[in-house]
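Student: A structural model of the following input is requested.
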Amino acid sequence: MLREAHAALGWAMHKGDLAANLLSKPADILYLILDMIPQGIVMVDSAYRTLAFNRPMFDIFRLPPGTFHIGMDFRDVLRVWARYTGQTDEMLKRAIDELDIREPFLFEFPQDIRGEPRWCLLTHTPLSGGGFVRTFTDITERKRLEHELERLSQVDSLTGAMTRRAFDRRLVEEIERARRFGHPLTLLVADLDHFKHVNDTRGHHAGDVALRGFVAVCRRELRKYDLVGRLGGEEFALLLPDTGIDVAVVTAERLRETVAQAPIDPSVPGSPFHITVSIGVAQLRASDDASTLVQRADQALYAAKTAGRNGVRREAGEISSAAPR
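Tutor: Sure thing, here's the model as predicted:
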């Protein structure tokens, strides 16, 4: 705010006669500064009367000129604001109830400004003699960046699968949901076979295409609400809600067959190749937490790889796989 004040004064001084006129009227300088500040500012007394506000109060909410005025009950101002920014009755009631809070607070809220989603930061500062000052700052760009960072933290940039962190969080949530409703939940841990050999002999670009191809196959073969996460490198986790282990083994076998048959084409002449995958399957038990469920699926995966790869193993030990290769 201090920078804006200095800028306003500098501009006024640069204008010569105008500067002299402004300096003879300190109130005009104050109004100039307040109107140049990008935040909307409003002062309200203990009887909810609007004592002062600046032009950005109209700009930030894109309100028509004259929408509200000095002396207007600020609760009516809020009703106008709610109508122009698409707020619910619940949000309006909360906004009015919070006028009497005697402690400073911050609050971020979404808006609909003429069909455009926007975000605003409210600061509420009570005055010692009653009433308060509020500022309103448009934080839409900041929220957009926050949402983009959150999205990037949840989605693996190479394959489009969930990141390990995001998958682990959803795994805990799905375990709780399965227990709450008494539904089965099965975890598949999959590892692309001999993946280092692919990178070493065909290059990392071909390896990247293979990873993306595997996730694409998973998307086609699994249901929309099944989860696909990349645990790291060439290892993936597939979570099947509302699915018992027998059905999950059938699904894993179908996935294994589809992967083995699908050609990987890195768009280099004469370079299409095939990959295979090993899969371990484990179903949630009463004593499980996320780590023990993952551990059992990992053990089943290790058994599948030990048995010759390109196979599916369930935690109980039975094998459902193609001939070892």
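Student: Poorly predicted segments of the stretch 1-150 of the chain, please.
Tutor: Applying pLDDT under 70 to the stretch 1-150 of the chain flags the ranges 1-35.
Student: Please point out which parts of the strand or helix carrying residue 149 sit buried.
Tutor: Using DSSP states H and E, the element containing residue 149 is helix 140-154. Neighbour-count burial for helix 140-154 flags residue 143 (criterion: 16 or more other C-beta atoms under 10 Å). For every residue, glycine as well, the C-beta is placed using N, CA and C.
Student: Same check on stretch 206-216?
Tutor: Applying 16+ other C-beta under 10 Å to stretch 206-216 flags 206-207, 209-215 as buried.
Student: Can you pick out the most distant pair from these?
Tutor: The most widely separated members of the buried residues of stretch 206-216, counting by C-beta to C-beta, are 206 and 215 (15.5 Å).
Student: follow-up on the earlier one: list the contacts of the helix holding residue 149.
Tutor: For helix 140-154, contacts defined as C-beta atoms under 8 Å, 6 or more residues apart in numbering pick out 108, 117-119, 162-163, 165-166.
Student: Which one (most neighbours) among the residues you listed?
Tutor: Neighbour counts for the contacts of helix 140-154 (other C-beta atoms under 10 Å) peak at residue 162, which has 23 neighbours.
Student: Report how many residues lie close to the closest residue in space to that one that isn't next to it in sequence.
Tutor: Among residues not flanking residue 162 along the chain, residue 229 sits closest, at 4.0 Å (C-beta to C-beta, 6 or more residues apart in numbering). For residue 229, the number of neighbouring residues by other C-beta under 10 Å comes to 25.
Student: what ranges do the strands span in the stretch 101-250 of the chain?
Tutor: 105-113, 116-126, 132-138, 185-192, 227-232, 235-241 (DSSP state E, counting those that start in this stretch).
Student: Of all those strands, which one is nearest residue 49?
Tutor: strand 132-138 (11.8 Å).
Student: Output the contacting helices and strands for the closest one.
Tutor: Contacts defined by 3 or more C-beta pairs under 8 Å, 6 or more residues apart in numbering; DSSP states H and E place strand 132-138 against strand 40-44, strand 116-126.
Student: tell me the most buried of the ones you listed?
Tutor: strand 40-44 (a mean of 20; mean count of other C-beta atoms under 10 Å).
Student: Can you name the next helix or strand after that strand?
Tutor: Next along the chain from strand 40-44, counting by DSSP H and E, comes strand 50-53.
Student: List the contacts of that next one.
Tutor: 40-45, 68-74, 77, 131.
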